[in-house]
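In: The sequence and its predicted three-dimensional model are supplied below.
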Amino acid sequence: MCTNMWITKKNTTPSVDERKEEQEAFAPEEKPWEDGKEMDMIHGSLWNKIILFAMPLALSSILQQLFNSADVAVVGRFAGKDALAAVGANVANVAVFVNLLVGMSIGPNVIISNLIGHGKRKEVPKVVGTSMCSALVIGLIFLVLIQILAGPLMVWSAVPEDVRDLAEIYLRIYMLGLPFMMIYNFGAAVLRSVGNTRTPLLYMTLAGVVNLILNIGFVVGASMGVAGVALATVLSNILSAVLVLRHLWVDSSIVQMRKEFLRIDSYYMKKILLTGLPAGIQSSVFSLSNMFIQTGINHFGSAIIAGAAAGLNFEYFTYDIVLAFASANVTFYGQNYGAGETARSHRVFYLSMGLGALFTGILSGIFMIWAVPLTMIYSTDPVVIDYAIRRMTHVMSLEPLCVLFEMPAAALRAMNYSILPSVITILGTVVFRIVWMLTIFKKVGTYEILMDVYPVSWVVTGVMLLVAYYVVRGRREV
């Protein structure tokens, strides 16, 4: 892909007459998506469309998270406690880089949504081509960076020496799939911008099944340990990337990937970075603060590290529900905001927050009811199970609180305010959690007080972002 890639510049801004002509020529009601899959987000009922948009996306994200969960489960049951600790000690390290790059995929989503809302549909193929080429380039850059930093990361995150070599092997191999992960997520974001969340779900389901089969084959059959589960994830990421590229190439809709636009357009590249990079930073700062918290967990020993890693997997599943409705929020809000439907965009915000909290709470409740048997999927060690459930009780059960910061952040980005929510998130998560670690945890020093930093920081960050959203919204309505 992008073998003929070059950078182009957008030299002129369309005149008012040109914009009017373009909007009339490419208005949705006159140029509907040929295969009928484009969701009309500007007219009609909202709540059912938001659910239809968010739930396949949530399932897709959960399946993507199952890549790592399968790693944890297979190594925990078949490769031993040390291997489980090696994978678990890398959860925060992996998440920092993965969340940064995956979070950047919100850039194409917001840009395409706003273009559709404004009626500028013929600009969309330029964004698609720029997005996919950018995904490849950025993924390769970070792949090289992580290979250089893999060794030092083991020391910085205080990984116990008895599992440090295994942890480094896992990280190096796992990150080989990063460029393909970027391609899939940018491609999925392009499809989401027109309401297509089912296709990414289908591809992630297939890749997830392949990942599980390869996990068992490499670890149980070939006795490859942590290297086996990491390699299985890499191959699964390659498969999902190939599938989404093929779909975009043969797609007959507005988001078709066309050869003549497979280049980096500097204008849209800048917009993607300005919108997506702050979103990626917001996603990664949670993981960055988790790295700091992980150092505290690591001091409790390998059994508790393994228990925390097992419990963390359930948090990711519930958080995926929140993120799915946040993505629905930014897409629906972006199209309606672009179309000048201010009141309707506000309804999108409130519905996304309410529905996100509801569905996240349902999944959290299911996990708590079946906490013991579910945790035993990852390990049968009673100490590991105990500390996994302690983490679930203090953190995962309160996951619906995450809508307090994710929904206003999504709405702000849909209004093209990308830096503000990132700055607030850094203050409310990284800074607050570091202060908590250096004061309250240092004084009390228990596992439970370490876990409590999560829900408290969610509320602190949420209050600040809600205030920011209402202030910005008020100014925009004046």
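Out: Noted; the coordinates are in hand. Because the structure is a prediction, the values reported are computed rather than measured.
In: Could you check how many residues crowd around Arg263?
Out: A total of 18 residues lie near Arg263 under the criterion other Cβ atoms under 10 Å. Every C-beta, even on glycine, is put in place using the N, C-alpha and C of the backbone.
In: can you check Phe78 too?
Out: 17.
In: what's the answer for Met204, then?
Out: 29.
In: ditto for Val467
Out: Count around Val467 with other Cβ under 10 Å applied: 12.
In: Confirm that it lies within a helix, as I assumed.
Out: Yes. According to DSSP: H, G, I helix; E, B strand; the rest coil, the state of Val467 is that of a helix.
In: Gly474 versus that one, what's the distance?
Out: 11 Å (Cβ to Cβ, to the nearest Å).
In: Over to Ile111?
Out: Taken as Cβ to Cβ, the span from Ile111 to Gly474 is 25 Å.
In: Could you do Lys270 as well?
Out: Spatial separation of Lys270 from Gly474 under the definition Cβ to Cβ is 29 Å.
In: Settle it for me: which of these two has more neighbours?
Out: Neighbour totals were compared for Lys270 and Gly474, and Lys270 leads with 12 against 9 (other Cβ under 10 Å).
In: Give me the pLDDT for that one.
Out: The predicted local confidence for Lys270 comes out at a pLDDT of 89.
In: Helix or strand next in line after whichever helix or strand it is part of, which one?
Out: Assignment of secondary structure by DSSP states H and E places Lys270 within helix 266-298. Helices and strands here follow DSSP H and E; after helix 266-298, the next one along the chain is helix 302-338.
In: which secondary structure elements does the helix or strand that that following helix is followed by contact?
Out: On the C-terminal side of helix 302-338, the nearest following helix or strand under DSSP H and E is helix 342-369. Packed against helix 342-369, as judged by 3 or more Cβ pairs under 8 Å, 6 or more residues apart in numbering; DSSP states H and E, are the following elements: helix 47-78, helix 302-338, helix 382-394, helix 403-414, helix 453-477.
In: angle of helix 342-369 against helix 382-394?
Out: Angular relation of helix 342-369 and helix 382-394 on a 0 to 180 degree scale: 150 degrees, by axes from the mean of the first three to the mean of the last three Cα atoms, to 10 degrees.
In: Mind checking the pLDDT average for helix 342-369?
Out: Confidence over helix 342-369, taken as the mean pLDDT, stands at 94.
In: just the angle between that helix and helix 47-78, please?
Out: Helix 342-369 runs at 30 degrees relative to helix 47-78, counting by the same axes, to 10 degrees.
In: Any buried residues in helix 342-369, and which?
Out: In terms of neighbour count (16 or more other Cβ atoms under 10 Å), helix 342-369 has its buried residues at 344-349, 351-353, 355-357, 359-361, 363-364, 367.
In: distance of the nearest residue in space to Tyr268 that is not next to it in sequence from Ile216?
Out: Nearest residue to Tyr268 in three dimensions, chain neighbours excluded: Thr130, at 4.6 Å (Cβ to Cβ, 6 or more residues apart in numbering). Distance check for Thr130 against Ile216: by Cβ to Cβ, it reads 39 Å.
In: So the two - more neighbours on which side?
Out: Per other Cβ under 10 Å, whichever of Thr130 and Ile216 has more neighbours is Thr130, with 30 against 17.
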